[in-house]
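Participant: Structure for this input, please:
(one chain, ligands or ions: 1)
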Amino acid sequence: MRVFNFAAGPATMPLEVLEQARAELTDWRGSGMSVMEVSHRGKAFLAVAQGAEADLRELLAIPDDYRVLFLPGGATAQFAAIPMNLAGPGDVADYVNTGAWSKKALAEARRFLKVHVAADEAASKYTTVPGVATLRASPGAAYFHYTANETIGGVEFPYVPDPGGGVPLVADLSSNILSAPLPVARFGLIYAGAQKNIGPAGLAVVIVRAGLLRGARPGTPAVLDYAAQAQEGSMLNTPPTFAWYVAALVFQWLKAQGGLTVIAARNQAKARLLYDTIDASGFYANPVAKDCRSLMNVPFTLKEPELEPTFLTQARAAGLTNLEGHRSVGGMRASLYNAMPLAGVAALVAFMREFERRHG
Ligand code: PMP
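Facilitator: Numbering: from 1, shown residues only. Take a look at the predicted model:
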């Protein structure tokens, strides 16, 4: 029995993808082996790798002068790789602080360069994004980093920042990549951990303008060196082949759904249903400013926090799992990634209304 899994990541996967992976698990394409048992340098796996890149390029309309990398170490490895590849030790980089993941990214960057905080939403307790006019980009910064979607706080940028002055824009899209079309050409570098909208954890996708790969700083480990990885087709060492293969299946699934315009409309409808339910009740509340509520991660609280364990137990019994908020903030959180169907959100809101009727 499949449940509706609202986890923030690792997160729910499209059932069709799981079924295909299962169907070909023990004998992949007539090889008599699973995909995880074949050489990453063999013809068959190279076709998977190339297909994944081609499909991702098509889905996001990635311009030709961008390199696409499939790398180990998740998004956290990129927190370090970005300053190592895009800046020298004395350089300054701008970071926007909109919450937990921004903080982690900028704390890691501080080990490698000078961080200038271009905006900090502490005053709103990280329930807002900075207005376009309040971004204080530093001229001559090596790059300008922001977290497009805060997975824990449930805050999503409704616009793409423009640092100006030719400063490359760098974005952490771990929790909202592929949720809608994206103007890739406005970014210098985009990165995302896979375990929300792409596939299994451990893999990260990096999309970077080729002109920015002028050579990593001395001392950069080879696996974190983007130019070296690009040169080797992301196979400088043995890559996470199974995760890469599943990512390729997810990209095919997204294309079969009709691509990102269709996916974006679905994501809008799902999020609207949940936010409308929360806003219409006097029992549930979402703290985030309306203009920057995340379509992917919806944190909410109950009027009586002591009812939380009951809410979670009964939700689980109704087949609605992993609704607890991040351990650092508590409360509830429903993650509505691409693979969560509208039926899952409909089941959640029906449960929430009934719970409110009984306990409200
Ligand atoms: N950035 C964001 C926005 C995230 O949500 C996460 C993981 N939840 C990370 C970075 C870190 O990703 P990983 O665990 O793959 O390193």
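
Participant: What's the first helix or strand after the helix ranked longest in the chain?
Facilitator: In the chain, with assignment by DSSP state H, the single longest helix is helix 260-280. Using DSSP states H and E, the helix or strand that directly follows helix 260-280 along the chain is strand 284-285.

Participant: Go through the helix or strand hosting residue 115 and flag the buried ones.
Facilitator: Per DSSP H and E, residue 115 falls inside strand 114-120. Within strand 114-120, the residues that qualify as buried are 114-115, 118-120, counting by 16 or more other Cβ atoms under 10 Å. Bear in mind the C-beta positions are built from the backbone N, C-alpha and C, glycine included.

Participant: cool, stretch 305-319 as well?
Facilitator: For stretch 305-319, by 16+ other Cβ under 10 Å, it's 308, 311-312, 314-315, 318.

Participant: Name the residues that touch stretch 2-17?
Facilitator: 151-152, 174-175, 193, 195-197, 199-201, 246, 249-250, 253, 297, 319-323, 326, 333-340, 343-344, 347-348 (Cβ atoms under 8 Å, 6 or more residues apart in numbering).

Participant: now do the same end-to-end measure for it.
Facilitator: The first residue of stretch 2-17 is 14 Å away from its last residue (Cα to Cα, to the nearest Å).

Participant: Is the ligand within reach of it?
Facilitator: Yes - Stretch 2-17 reaches the ligand (Cβ under 6 Å from any ligand atom) through residue 9.

Participant: Stretch 178-192 too?
Facilitator: No - applying Cβ under 6 Å from any ligand atom, one finds stretch 178-192 separated from the ligand by no less than 7.9 Å.

Participant: What's the end-to-end length of that stretch?
Facilitator: Stretch 178-192 has its terminal residues 10 Å apart, counting by Cα to Cα.

Participant: any idea of the mean pLDDT in that stretch?
Facilitator: For stretch 178-192, mean pLDDT rounds to 98.

Participant: Go ahead and measure how far it is from the middle of the chain.
Facilitator: 11 Å (Cα atoms, centre = their mean, to the nearest Å).

Participant: Which member of the buried residues of stretch 305-319 is positioned nearest the ligand?
Facilitator: For the buried residues of stretch 305-319, the residue nearest the ligand by Cβ to the nearest ligand atom is residue 312; the value is 20.2 Å.

Participant: Quick one: residues in contact with the helix or strand harbouring the closest one.
Facilitator: Assigned by DSSP H and E, residue 312 belongs to helix 308-317. Residues from elsewhere that reach helix 308-317 (Cβ under 8 Å, 6+ apart): 302, 321, 323-324, 330-332, 348, 351, 355, 359.

Participant: Pick out whichever of the residues you listed sits closest to the ligand.
Facilitator: Using Cβ to the nearest ligand atom, residue 324 is the member of these that lies nearest the ligand, at 14.7 Å.

Participant: quick one, phi/psi of that closest one?
Facilitator: Phi and psi for residue 324, reported as degrees, to the nearest 10, are phi -70, psi 140.

Participant: Now do the SS call for residue 205.
Facilitator: Classification of residue 205 using DSSP: H, G, I helix; E, B strand; the rest coil returns strand.

Participant: on that earlier part again, just the buried residues of strand 114-120 now: which is nearest residue 207?
Facilitator: Checking the buried residues of strand 114-120 against residue 207 with Cβ to Cβ, the nearest one is residue 118 at 21.9 Å.

Participant: Was I right to think the closest one contacts residue 138?
Facilitator: Yes - with contact defined as Cβ atoms under 8 Å, residue 118 counts as touching residue 138 (7.2 Å).

Participant: Buried residues of stretch 12-32, list them for me.
Facilitator: 12-14, 17, 21, 24, 28.

Participant: Quote the end-to-end distance of it.
Facilitator: End-to-end distance of stretch 12-32 (Cα to Cα): 29 Å.

Participant: next one: that stretch to chain centre, how far?
Facilitator: Distance, centroid of stretch 12-32 to centroid of chain: 24 Å (Cα atoms, centre = their mean).

Participant: Now do that stretch, average pLDDT.
Facilitator: Averaging pLDDT along stretch 12-32 gives 97.

Participant: For residue 301, the count of nearby residues, please.
Facilitator: 18 (other Cβ atoms under 10 Å).

Participant: again but with residue 150, I slipped
Facilitator: For residue 150, the neighbour count with other Cβ under 10 Å is 29.

Participant: Disregarding residues adjacent in the polypeptide, which is nearest to it?
Facilitator: residue 99 (4.0 Å; Cβ to Cβ, 6 or more residues apart in numbering).

Participant: That neighbour against residue 157, yeah?
Facilitator: No - Residue 99 lies out of contact with residue 157 (Cβ under 8 Å); the separation is 11.6 Å.

Participant: Which one of those two is surrounded by more residues?
Facilitator: Applying other Cβ under 10 Å to residue 99 and residue 157 shows that residue 99 carries more neighbours, namely 22 against 19.

Participant: list the contacts for that one?
Facilitator: 121, 126, 147, 150, 152-153, 155 are the contacts of residue 99 under Cβ under 8 Å, 6+ apart.

Participant: hmm, 10 Å instead?
Facilitator: When the contact criterion is Cβ atoms under 10 Å, 6 or more residues apart in numbering, the partners of residue 99 are 121-122, 125-127, 129, 147, 149-155, 329.

Participant: what's the distance between it and residue 112?
Facilitator: Separation of residue 99 from residue 112 (Cβ to Cβ, to the nearest Å): 22 Å.
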